[in-house]
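# okay, sequence plus prediction incoming.
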Amino acid sequence: QVQLVESGGGLVQAGGSASLSCAASGEFYAIKAISWYHQAPGKRREFVALINRSGATQYAAVGRSRFAISEDFARNIVSLEMTSLKPEGSGIYYCHSDVLVTLSDSREYWGQGTQVTVSS
């Protein structure tokens, strides 16, 4: 079993910044990739950013110039730095991981989420 624990977030003023972290723990061979998703109140969960084990990154258009995802896979931690936050960025941010549990078994896991509230 793999556990993902998000931290960071909280209350941020519009135009401000927030730093989120996702720490993976448990028994697994390696992390293939970790992604961040955002779910605004009453909306569906949407992709924000991804980083894979090679360091390659992908961003949704909404955060491409304002967000930065980084990894420390030696410690199984991925961070998301968000700048110039807007009120529509409020919601729960979830960590998602694609994990090699064994060399032949790949599984996906979600964290519990962390709340970010951007005040106008």
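Nice, I can see it. Residues are numbered from 1 along each chain as shown.

# each with direction, which strands does whichever strand or helix holds A23 pair with?
Secondary structure assigned from DSSP states H and E places A23 in strand 18-26. Sheet pairing here is set by DSSP bridges, and for strand 18-26 it gives strand 2-8 (antiparallel), strand 77-82 (antiparallel).

# out of the ones you listed, deepest packed?
Mean neighbour counts were compared across the strands paired with strand 18-26 using mean count of other Cβ atoms under 10 Å; the top stretch is strand 77-82, at a mean of 22. Every C-beta, even on glycine, is put in place using the N, C-alpha and C of the backbone.

# what's the first helix or strand after that strand?
Next along the chain from strand 77-82, counting by DSSP H and E, comes strand 91-102.

# so what touches the helix or strand just after that following strand?
Once the chain leaves strand 91-102, the next helix or strand it forms, by DSSP H and E, is strand 105-110. Applying Cβ atoms under 8 Å, 6 or more residues apart in numbering, the set of residues contacting strand 105-110 from outside is 2-4, 24, 32, 94-101.

# buried ones in strand 105-110, by neighbour count?
Using 16 or more other Cβ atoms under 10 Å as the test for burial, strand 105-110 gives Y109.

# can you name the residues that contact the most centrally placed residue in the chain?
Nearest to the centroid of the C-alpha atoms of the chain, with distances taken as Cα atoms, centre = their mean, sits W36, at 2.7 Å. By Cβ under 8 Å, 6+ apart, the residues touching W36 are L20, C22, V48, A49, L50, I69, V78, L80, Y93, Y94, C95, H96.
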